[in-house]
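Trainee: Would you be able to build a 3D model of this:
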Amino acid sequence: MEAIQTQALTKFYGKARGIRELSLQVEQGEFFGFIGPNGAGKSTTIRCLLGLISATSGSARVLGLDIGANRKETLARTGYLPSEAVFYPGMRVRDVLKLSADLRGKNCAREAEGLCQRLQLDTGKKVEELSFGNRKKVGIVCALQHRPELLILDEPTSGLDPLMQREFFSILQERNREGATVFLSSHILSEIQRNCTRAAIIREGCLLACGSVEELSRTNARRVTLRGSAEVQTLSGIRDCRQTEEGLSFLYSGDMQTLLSCLSGGRVEDVTIAEPDLEEVFLHYYEKEES
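Mentor: Residues are numbered from 1 along each chain as shown. Predicted coordinates for the structure are as follows:
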């Protein structure tokens, strides 16, 4: 069964574009990435999945249930972390966590305590005294403390320092191994590459590509880093050419034998040929769509 399924999901804000004809399937137990820059339609998609806004057309099912007809049940089985969490002023962290648990009709005190220890969150502080990163931690605990089947996380690591990011993803990996589905919306491609098994790329409200992270990263282009001199600028299939500390670096999608012949005719001290990272592939998808 799919944890998330959308069919031609579309949302317009008046005449302004939200998302268009978005068809997406996320299997139960997946660690799924949703990639796109700010304004691409990631948050709009998530709000439609949670029933926080109504779609203009199309359909969405969450945990096998139609979100429109079964919103209460799907939200009970889902943990949601918005990109910016806002809390009632004057409340202490422990009160926010208890309120969140009470609204779900559950006693989550033990689970919340363990999460707060791992994330180094002081529950005695008032929420208005917290930094942005610590407010994000409060949102994380609220989303995870009832141990939901599905986690929907919108830009979850903004404001977290590197150590807390690592601990946060350790927690998510543990939950995923226990069977929870993780839907991670992010514009930080390294997070997707390190943690997700599949991902979808969205641009201007439309789905560009969807598949395993390995498949999305697979391309005939190679990142070449050259120290020395060779007339590589004369070759076709070169883009993103720049000078780095390691030498001249460029993406090459032409014939490999032609490249090697060119290099053999120059004065090459060292050369590295490697697959591009996901960020470069992501830019490739966007450039291809614009061309």
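Trainee: Only C-alpha atoms from now on, for both contacts and neighbour counts.
Mentor: Fine.
Trainee: In contact with Thr181, which residues are there?
Mentor: For Thr181, the set of contacting residues under the criterion of Cα atoms under 8 Å, 6 or more residues apart in numbering consists of 3, 27-32, 149-151.
Trainee: what's the farthest-apart pair in these?
Mentor: Largest separation among the contacts of Thr181 by Cα to Cα: Phe32 and Glu149, giving 13.9 Å.
Trainee: Among those two, which residue is more densely surrounded?
Mentor: For Phe32 against Glu149, the residue with the higher neighbour count under other Cα atoms under 10 Å is Phe32, and the figures read 26 against 22.
Trainee: list the contacts for that one?
Mentor: With contacts taken as Cα under 8 Å, 6+ apart, Phe32 has the following neighbours: 26, 181-184, 196-199.
Trainee: before we move on, which element is it in?
Mentor: Secondary structure from DSSP states H and E places Phe32 in strand 31-35.
Trainee: Can you tell me the strand partners of that strand and which way each runs?
Mentor: Paired neighbours of strand 31-35 in the sheet (DSSP bridges): strand 181-186 (parallel), strand 198-203 (parallel).
Trainee: Can you add distance to Ser229 and give the ones you listed back as a markdown table?
Mentor: Compiled in a markdown table, those are given as follows (distance: least, Cα to Cα, whole Å):
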| stretch | distance to Ser229 |
| --- | --- |
| strand 181-186 | 39 |
| strand 198-203 | 37 |
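Trainee: Quick one: the strands in the stretch 151-291 of the chain, in order.
Mentor: Taking DSSP state E, counting those that start in this stretch, the strands of the stretch 151-291 of the chain run over residues 181-186, 198-203, 206-212, 222-229, 238-244, 247-252, 267-274.
Trainee: Residues contacting the third one, please?
Mentor: Surrounding strand 206-212, the residues in contact under the criterion Cα under 8 Å, 6+ apart are 19-23, 41, 197-202, 216, 285, 289.
Trainee: Tell me which of the strands paired with strand 31-35 sits most buried.
Mentor: strand 181-186 (a mean of 25; mean count of other Cα atoms under 10 Å).
Trainee: re earlier: min pLDDT across the contacts of strand 206-212, which one?
Mentor: Checking pLDDT across the contacts of strand 206-212, the minimum falls on Glu289 at 52.
Trainee: report the angle between the axes of the longest helix anywhere in the chain and strand 31-35?
Mentor: Among the segments of the chain that qualify as a helix by DSSP state H, the longest is helix 162-177. Comparing the axes of helix 162-177 and strand 31-35 via axes from the mean of the first three to the mean of the last three Cα atoms, to 10 degrees yields an angle of 130 degrees.
Trainee: Figure out how far helix 162-177 is from the centre of its chain.
Mentor: For helix 162-177, the separation from the chain centroid amounts to 14 Å (computed by Cα atoms, centre = their mean, to the nearest Å).
Trainee: and that helix, what's its mean pLDDT?
Mentor: Along helix 162-177, the predicted confidence averages to a pLDDT of 96.
Trainee: Other residues contacting it?
Mentor: The set of residues external to helix 162-177 that reach it, using Cα under 8 Å, 6+ apart, is 29-31, 118-119, 157, 182, 195.
Trainee: rerun that using 7 Å as the cut-off
Mentor: Counting contacts by Cα atoms under 7 Å, 6 or more residues apart in numbering, the residues outside helix 162-177 that touch it are 29, 31, 119, 157, 182.
Trainee: Next: stretch 1-13.
Mentor: Counting contacts by Cα under 7 Å, 6+ apart, the residues outside stretch 1-13 that touch it are 18-28, 55-64.
Trainee: For stretch 204-223, measure first residue to last.
Mentor: Taking Cα to Cα, to the nearest Å as the measure, stretch 204-223 stretches 28 Å from start to finish.
Trainee: Helices of the chain, start to end?
Mentor: 42-49, 71-76, 93-103, 109-119, 132-144, 162-177, 189-195, 213-217, 256-264, 278-290.
Trainee: These into CSV, with extra columns for distance to Ser83 and mean neighbour count?
Mentor: Supplementary listing: those in CSV, determined by distance: least, Cα to Cα, whole Å; neighbours: other Cα atoms under 10 Å:
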stretch, distance to Ser83, mean neighbour count
helix 42-49, 8, 22
helix 71-76, 18, 16
helix 93-103, 17, 18
helix 109-119, 18, 16
helix 132-144, 8, 22
helix 162-177, 15, 15
helix 189-195, 15, 16
helix 213-217, 23, 16
helix 256-264, 43, 13
helix 278-290, 21, 14
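Trainee: This completes my enquiry, with thanks.
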